[in-house]
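K.L.:
Sequence below, structure please.
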Amino acid sequence: MAKKILGIDLGGTSVKMAIISLEGEILEKWTIATNILEEGKHIVPGIIQSIQEHLERYQLSKEDFLGIGMGSPGKVDAEQGTVIGAYNLNWRTLQPIKEAFESAFGIPFYIDNDANVAALGEQWKGAGNGARDVVMFTLGTGVGGGVVTNGQLVRGFGGAAGEVGHITVDTETGFDCTCGKKGCLETVASATGVVNLARQFAEEYAGDSPIKKAVDDGAVSAKDIFDAAKEGDYFANEVVTKFAKYLGLACSHIANTLNPSAIVLGGGVSAAGEFLLEKVSEYYYAYTFPQIRDNTHIMLATLGNDAGVIGAAQLVRLQVGE
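P.N.:
The predicted structure is shown next:
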C-alpha cells in the first residue's frame, strides 16, 4: 500500500489536519479548536489525541506513513523540532514538539514556520504549479513570507529567512511595527496596515465618504475598505492605492533579488482578488528591473486554507527525499 503523510497546520484558533498522498492529494481532513489555556500546554496533547482517534477510525498504523509535517507560528528550530515565542498560542517557553510526536507515534516528524510551510504548499500544488523558485507573501493580521529556491525552503543562517513583512517600505513617517522598527511592510500591507493607512488618510481628507466616517467611528475593517474601493469610493480607493504601492515596492525588491517564477499573494487580505492583484501589479512592474519583470509574475494563492497541510506534507517529502 502506498505510504501517506500526516499534515498539520497549527493556528491560534484552530488546528487543521489531513492525511495526504505522496502526490499531494488530500485523502481525509479535519479540524479541532486550539486550546491555548494554561500557557498552551494542552495544544500538542490535543493534536496527538485527535490524530490517534482518526488513525483508529481509518484503521491506519505508523507503517502507513512516511512522516508527519507541521507548520507552526513562532520561532521554529527545524533541526531540533522546537518552537518558542508563539504568543498567539501562549507558548513563551521552548516547546519540544518533535520529541512529543515521535514518542507518541514512532513516525518521523518535521516542523517549520507556518508561513514557510504555506509557501511550500503553494509552490508545490498551488499557484506555483511545481515551479522550483517561488516566494509567498501571506497577508493576514501581519505579513508573513516564505522563500522556495531550487525546490527547497530558504531558512537562512539564523533560521529567520523570508521575513518579508519586515522589509522597510516607508523611511519617512513610517508606523511603528511590533518588531521595534518603523515603516515595515507589515504596518501598511496587512489587515491592520490597511486600517492604519485609512486612519492616517482620514486626518487629511475633508470630503464625505461612508468609509471615512467608519474610520472616524473606529468601526472599519480591511474588507470594508477593499469592498468600498471596488464600488468606487474615492477615499477607500486612495487607501488601497497606497497599500498597493507599498506591497508592489516590496515585491519588486524580492523579484530583483531572487528572480522567482512567481510571487504568490495569500492570506485573508488576498481575498480582495483580481482587484488587489491589478493594483499591486501596476506598481510592481513599475519598480522591477525590465528583464525580471518579463518572467517573475505576481499571482494570487489558490489553495486557501489547505496550503498549510499540503505544505506540511511537502516538508516531509523534501526531508525524506521522495
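
K.L.:
before we move on, what SS does the closest residue to residue 271 other than its chain neighbours have?
P.N.:
Using Cβ to Cβ, 6 or more residues apart in numbering and skipping residues adjacent in sequence, the residue nearest residue 271 is residue 223, 7.5 Å away. From N, CA and C alone the C-beta is placed, and that goes for glycine too. Following DSSP: H, G, I helix; E, B strand; the rest coil, residue 223 is assigned to helix.

K.L.:
got the buried residues for stretch 272-292?
P.N.:
272, 276-277, 279-281, 283-285, 287-288 (16 or more other Cβ atoms under 10 Å).

K.L.:
Need the max-distance pair from those residues.
P.N.:
272 and 288 (21.4 Å; Cβ to Cβ).

K.L.:
got the phi/psi numbers for residue 47?
P.N.:
phi -70, psi -40 (degrees, to the nearest 10).

K.L.:
okay, who's weakest in the buried residues of stretch 272-292 by pLDDT?
P.N.:
Lowest pLDDT within the buried residues of stretch 272-292 is found at residue 272 (89).

K.L.:
which SS state does it fall under?
P.N.:
Classification of residue 272 using three-state DSSP returns helix.

K.L.:
again with the one 3 residues further on
P.N.:
Using three-state DSSP as the criterion, the local structure at residue 275 reads helix.

K.L.:
List the residues that contact it.
P.N.:
Residues near residue 275 by Cβ atoms under 8 Å, 6 or more residues apart in numbering: 226, 229-230.

K.L.:
Restricted to buried residues, select these in PyMOL.
P.N.:
The following PyMOL line selects those of those that are buried, judged by 16+ other Cβ under 10 Å:
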select buried, resi 226+229
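
K.L.:
Between the contacts of residue 275, which sits nearest residue 247?
P.N.:
Looking across the contacts of residue 275 and measuring by Cβ to Cβ, the closest to residue 247 is residue 226, at 12.8 Å.

K.L.:
how near is the closest residue to the closest one other than its chain neighbours to residue 194?
P.N.:
Spatial nearest neighbour of residue 226, excluding adjacent residues (Cβ to Cβ, 6+ apart): residue 272 at 4.2 Å. Residue 272 is 9 Å from residue 194, where distance means Cβ to Cβ, to the nearest Å.

K.L.:
what is in contact with the two at once?
P.N.:
Residues touching both residue 272 and residue 194 by Cβ under 8 Å, 6+ apart: residue 226.

K.L.:
How about residue 10, nearest residue that isn't a chain neighbour?
P.N.:
Among residues not flanking residue 10 along the chain, residue 72 sits closest, at 4.7 Å (Cβ to Cβ, 6+ apart).

K.L.:
per-residue confidence at residue 172?
P.N.:
For residue 172, the predicted pLDDT is 87.

K.L.:
List the contacts of it.
P.N.:
Residues in contact with residue 172 (Cβ under 8 Å, 6+ apart) are residue 183.

K.L.:
Doesn't it lie inside a strand?
P.N.:
No. With three-state DSSP as the criterion, residue 172 is coil rather than part of a strand.

K.L.:
And it, how far from residue 182?
P.N.:
For residue 172, the distance to residue 182 - Cβ to Cβ - is 9 Å.

K.L.:
Repeat that for residue 188.
P.N.:
Plainly put, residue 188 is 11 Å away from residue 182 if you go by Cβ to Cβ.

K.L.:
between those two, who's got more neighbours?
P.N.:
residue 188 (25 against 15; other Cβ atoms under 10 Å).

K.L.:
distance of that one from residue 23?
P.N.:
Using Cβ to Cβ, we find residue 188 at a distance of 39 Å from residue 23.

K.L.:
Residue 304 too?
P.N.:
Distance, residue 304 to residue 23, by Cβ to Cβ: 19 Å.

K.L.:
same thing with residue 30?
P.N.:
For residue 30, the distance to residue 23 (Cβ to Cβ) stands at 20 Å.

K.L.:
Ok, residue 310 next?
P.N.:
11 Å.

K.L.:
Which one's more surrounded, these two?
P.N.:
Taking neighbours as other Cβ under 10 Å, residue 310 and residue 23 compare with residue 310 leading, 28 against 9.

K.L.:
now the more buried one: how far from residue 173?
P.N.:
Residue 310 is 40 Å from residue 173, where distance means Cβ to Cβ.

K.L.:
repeat for residue 78
P.N.:
Residue 78 is 37 Å from residue 173, where distance means Cβ to Cβ.

K.L.:
between those two, who's got more neighbours?
P.N.:
More neighbours surround residue 78 than the other of residue 78 and residue 173, with 17 against 8 (other Cβ under 10 Å).

K.L.:
which secondary structure elements does the helix or strand that contains residue 264 contact?
P.N.:
Secondary structure from DSSP states H and E places residue 264 in strand 262-266. Applying 3 or more Cβ pairs under 8 Å, 6 or more residues apart in numbering; DSSP states H and E, one finds that strand 262-266 makes contact with helix 114-125, strand 134-139, helix 234-258, helix 273-287, strand 297-300.
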